[in-house]
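> Sequence and predicted model, in that order:
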Amino acid sequence: MRSPPPKIVRRLAIAPLVLFFCLAVLALSPLVLTGALVFDLVRRGGWGGARFAAFVLCFVATEAGMIVALFLLWLVSGFGLLLRSRGLRSAHYALMRGWLRCLSWAAIRLLGLRIEIVDRAEPRPGPILVFGRHAGAGNSLMMTRTLMLAYRRRPRVVMIADLQWDPVVDVMCHRLPSLFIERSERFVGAIGDLARGMDDDEAFVLFPEGHDFTEKLRLRAIAHLRKEGRVAAAEQAEEMERVLPPRHKGPLAAILAAPEADVVMFAHTTLEELGTLRGLYRRLPLTRPVKARYWRIPAAEVPHEQEALIAWLFKWWKTIDDWIEEHAPET
């Protein structure tokens, strides 16, 4: 995907165009749903088309509503002058929770999505650093939903810059503590800055793998480790069949910036199996639950030296890989 254009272009051109597109799709919603129903009747393959079309319409309606709501908050803030105030920041978090609730409702009711958290632990106060595996559509939203709705946390998320093509993600996350990065080491300092100074109800979120898991990327990452002379790390990565080897510079920067924070490791199943939109359509309604697991490691047990941290991360990623293999649905 091409890098997103400058901010002024995204605000004055892309956001209005996306809003206009969403409204146009909603105006055509009766035709869209009718066409999906006819397609399903002809194909005789269940109601996957109708479910998917209805979900898309819910997503489009939510997108349009969020763009308008974010614009109204900008007006209320005095054309952006008071966006950093505590009250407007709380309003943005409340809006974000409503957005996630709407998307969750649509995914549950229309797609059949179910999320089962294995060994759910009672949340404890204090800032946390969340490091999760990266695999499948909706991976980031699922983690953010759990943190915000189930655990009432305010997330600080590190995301790839490409997500700025979505006006809702772009505007919301530029107004709240977040970071959009290119795939470059020059963002390591910014990662540390984002993790610094968290309150007890905040959570820093980072995906150390850097990419959604695919077997092709896994083999490429292993080859890269060997090319760099990190033979032991490459051999460890070869033993992990469902995750990419974790990168250490971002996690280390966050840990050094927030030494008082516990670390939470996050794993999940199933999402990567959906693959493309065609793959999602063929599986509707979803019958396999997404299983998720969180491990919380006290700050005192987290390494702060590079080599020790690399070994610690690989050990945890092997634990995550083993857990996924144990809980992945049978094919």
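Arrived safely.

> confidence score at the closest residue to Glu238 other than its chain neighbours?
Spatially, and ignoring its direct neighbours in sequence, Glu238 is nearest to Ile222 (5.9 Å; Cβ to Cβ, 6 or more residues apart in numbering). C-beta: built from backbone N, CA, C; applies to glycine. If you check Ile222, the pLDDT there is 95.

> my guess is Ile222 meets Glu241, correct?
No: when contacts are counted by Cβ atoms under 8 Å, Ile222 is not listed as touching Glu241 (11.2 Å).

> List the buried residues for stretch 248-255?
His248, Gly250, Pro251, Leu252, Ala253, Ala254, Ile255 (16 or more other Cβ atoms under 10 Å).

> so the nearest residue to the first one once chain neighbours are set aside is in which element?
What it means is His248. Spatial nearest neighbour of His248, chain neighbours left out: Ile310 (4.8 Å); criterion: Cβ to Cβ, 6+ apart. In this structure, Ile310 sits in helix 306-327 according to DSSP states H and E.

> Ok, Leu26 next?
helix 15-27.

> what helices or strands is that helix leaning on?
On a contact count with 3 or more Cβ pairs under 8 Å, 6 or more residues apart in numbering; DSSP states H and E, helix 15-27 meets helix 48-76, helix 167-175.

> Which stretch among these is buried most, on average?
Ranked by mean neighbour count under mean count of other Cβ atoms under 10 Å, these are led by helix 167-175, which reaches a mean of 20.

> other SSEs contacting the next helix or strand after that helix?
Following helix 167-175 in sequence order, the next helix or strand is strand 178-181 (DSSP H and E). Helices and strands touching strand 178-181, by 3+ Cβ pairs under 8 Å, 6+ apart, are strand 154-160, helix 188-195.

> who's in contact with strand 178-181?
For strand 178-181, the external contacting residues (Cβ atoms under 8 Å, 6 or more residues apart in numbering) are 156-161, 163-164, 173, 187, 190-191, 194.

> Now do that strand, average pLDDT.
For strand 178-181, the mean pLDDT works out to 94.
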